[in-house]
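> attaching a predicted model along with its sequence, questions to come.
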Amino acid sequence: MRAPWAGSAQVLDGTATAAAIKAELAQRVRALGERGVRPGLGTILVGEDPGSVRYVAGKHTDCTEVGITSIREDLPASATQAEVVAAIDRLNADPACTGYIVQLPLPAGVDASAVLERIDPDKDADGLHPTNLGRLVLRGSGPIDSPLPCTPRGCIELMTRHGIDLAGANVCVVGRGVTVGRSIGLLLGRKEVNATVDVCHTGTADLAGHVRRADIVISAAGSPGIITAEMVAPGAVVLDVGVSRVVDPDTGKARIAGDVADGVDEVASWLSPNPGGVGPMTRALLLANVVEAAERATGIRA
Ligand SMILES: Nc1nc2c(c(=O)[nH]1)N[C@@H](CN(C=O)c1ccc(C(=O)N[C@@H](CCC(=O)O)C(=O)O)cc1)CN2
């Protein structure tokens, strides 16, 4: 496949990898159906942020593709904390909804931590409930019988399915947001993965120095072009997770900008495009969490 950039880095193709995962999941959904079980994914979307609207729409399209029921709770941007909590309580009580997510970010004025804590941990399709994050902290090796955060899981699957060995690798994560930076180190540092992780953020004194020492750079800062070619060690693997909306000065149109600057493709060995890299993987691993929860509830999965 030809890379969408001019350099020599190979493409970590999230679109194709996510399609392969969805095909595997569709088979498992059929097996659940033979036992009379149909998984159902719910989404709670508050407001009309165009990015969030598109991501949620994509999640429902994915559900249709793999045979999962999808349930929507769309609330206006003016929704109060009590209205968001009421939507959560409805999905907690709905037997057709076996897992659900609250699309982040929430509008200012809604307390995201309180909202995430209200989710029934057994229906937490994002793996962001404190009980499930706590299990990840407690269980540093061996199987985990609870959902894992989707984007961190997607990053790891994207690399391993392209044959990248993580054992012993020095990984530099840039960003400390709730969906990626704060939990990805917990997954990468598990005994089965065995990577060593450095988490950088806006308070890091020498970001370039940290990035330069890394075999793998995972940037989820949401800061366009923060990772430059000069910072990246030759041959490093680079995952561009950050998403910012910018107006292209040439076309005047809004477009997605990642964290990775032009030219990184000249030094990296592997690079994830953005879009087309980690985004589709996040969606595929969300479906995996839903299917696995249904398998656990049915006794198919230990
Ligand atoms: N509850 C959650 N909220 C958010 C999460 C999350 O994991 N759980 N992560 C991000 C957004 N996100 C998931 O919801 C997400 C981001 C990107 C994509 C995606 O498929 N992107 C496409 C481009 C799509 C487009 O912009 O048209 C790509 O990269 O190719 C899916 C999901 C914040 N919120």
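Happy to help now that I have it. Residues are numbered from 1 along each chain as shown.
> strands of this protein, start to end?
Remark: strands assigned in the chain by DSSP state E are 10-11, 40-46, 69-75, 99-102, 170-174, 196-200, 216-219, 237-240, 244-247, 254-257, 270-271.
> and the first one, what other elements does it pack with?
Here strand 10-11 is seen to pack against strand 270-271 when contacts are counted using 3 or more C-beta pairs under 8 Å, 6 or more residues apart in numbering; DSSP states H and E. Yep, even glycine has a C-beta here, placed from its N, CA and C like the rest.
> what's the answer for the second one, then?
Helices and strands touching strand 40-46, as assessed by 3+ C-beta pairs under 8 Å, 6+ apart, comprise helix 50-66, strand 69-75, helix 81-93, strand 99-102, helix 278-298.
> now the one residue in the stretch 151-300 of the chain that gets nearest to the ligand: closest residue in space, sequence neighbours ignored.
Closest approach of the stretch 151-300 of the chain to the ligand (C-beta to the nearest ligand atom) occurs at Gly279, with a separation of 2.2 Å. Leaving aside its sequence neighbours, Gly279 sits nearest to Gly14 (C-beta to C-beta, 6 or more residues apart in numbering; 6.5 Å).
> could you do Val193 as well?
Leu166 is the one closest to Val193 (C-beta to C-beta, 6+ apart), at 5.2 Å.
> what number of residues lie near the one you found?
19 (other C-beta atoms under 10 Å).
> now do Gly235
Neighbours of Gly235 under the rule other C-beta under 10 Å: 11.
> pretty sure it contacts Ala268?
Yes: the pair Gly235 and Ala268 qualifies as a contact (C-beta atoms under 8 Å) at a distance of 7.4 Å.
> how close does Val197 sit to Arg213?
Computed with C-beta to C-beta, to the nearest Å, the distance linking Val197 and Arg213 is 12 Å.
> out of those two, which sits in the busier spot?
Val197 (19 against 12).
> please name the bridge partners of that one.
Bridge pairing for Val197 (DSSP bridges) gives the partners Val171.
> my guess is Arg72 meets His60, correct?
Yes: counting by C-beta under 8 Å, Arg72 touches His60, with 7.0 Å between them.
> what is in contact with the two at once?
With contacts taken as C-beta atoms under 8 Å, 6 or more residues apart in numbering, Arg72 and His60 have Thr43 as neighbours in common.
> kindly report the domain assignment for this structure.
35-136+281-292, 149-278 (automatic domain parsing).
> what is the end-to-end distance of stretch 120-132?
10 Å (C-alpha to C-alpha, to the nearest Å).
> got the buried residues for it?
Residues of stretch 120-132 classed as buried by neighbour count (16 or more other C-beta atoms under 10 Å): 120-129, 132.
> ok, now stretch 52-71?
Quick answer for stretch 52-71 (16+ other C-beta under 10 Å): 52, 55-56, 59, 62-63, 66-68, 70-71.
> same question, stretch 105-119
Across stretch 105-119, burial judged by 16+ other C-beta under 10 Å covers 106, 110, 115-116, 118-119.
> count the neighbours of the residue nearest to Gly279 for me.
Gly14 - counted by other C-beta under 10 Å - has 27 other residues nearby.
> again with Ala93
Ala93 has 9 nearby residues by other C-beta under 10 Å.
> same question for Thr17.
Neighbours of Thr17 (other C-beta under 10 Å): 22.
> for it, which non-adjacent residue is spatially closest?
Nearest to Thr17 is Arg161, by C-beta to C-beta, 6+ apart, at 5.2 Å.
> isn't that neighbour right up against Ala16?
No: using C-beta under 8 Å, Arg161 is not in contact with Ala16; the gap is 9.5 Å.
> ok, these two, which is more surrounded?
Between Arg161 and Ala16, counted using other C-beta under 10 Å, the more crowded position is Arg161 (17 against 14).
> what does the stretch 201-302 of the chain have sitting close to the ligand?
Contacts of the stretch 201-302 of the chain with the ligand, taken as C-beta under 6 Å from any ligand atom, map to 256, 274-276, 279-280, 282-283.
> again, 8 Å this time
243, 256, 273-280, 282-283, 286 (C-beta under 8 Å from any ligand atom).
> in ChimeraX, select just the buried ones from these.
A single ChimeraX command selects the buried members of those (16+ other C-beta under 10 Å):
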select :243,273,274,275,276,277,278,279,280,282,283,286
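> adding distance to Ala208 and pLDDT, write the residues of the stretch 201-302 of the chain next to the ligand out as CSV.
Listed next are these as CSV, based on distance: C-beta to C-beta, whole Å; pLDDT from 0 to 100:
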residue, distance to Ala208, pLDDT
Val243, 22, 94
Ile256, 24, 88
Pro273, 23, 96
Asn274, 21, 96
Pro275, 26, 94
Gly276, 27, 96
Gly277, 23, 98
Val278, 22, 98
Gly279, 26, 97
Pro280, 30, 97
Thr282, 27, 98
Arg283, 32, 98
Leu286, 33, 98
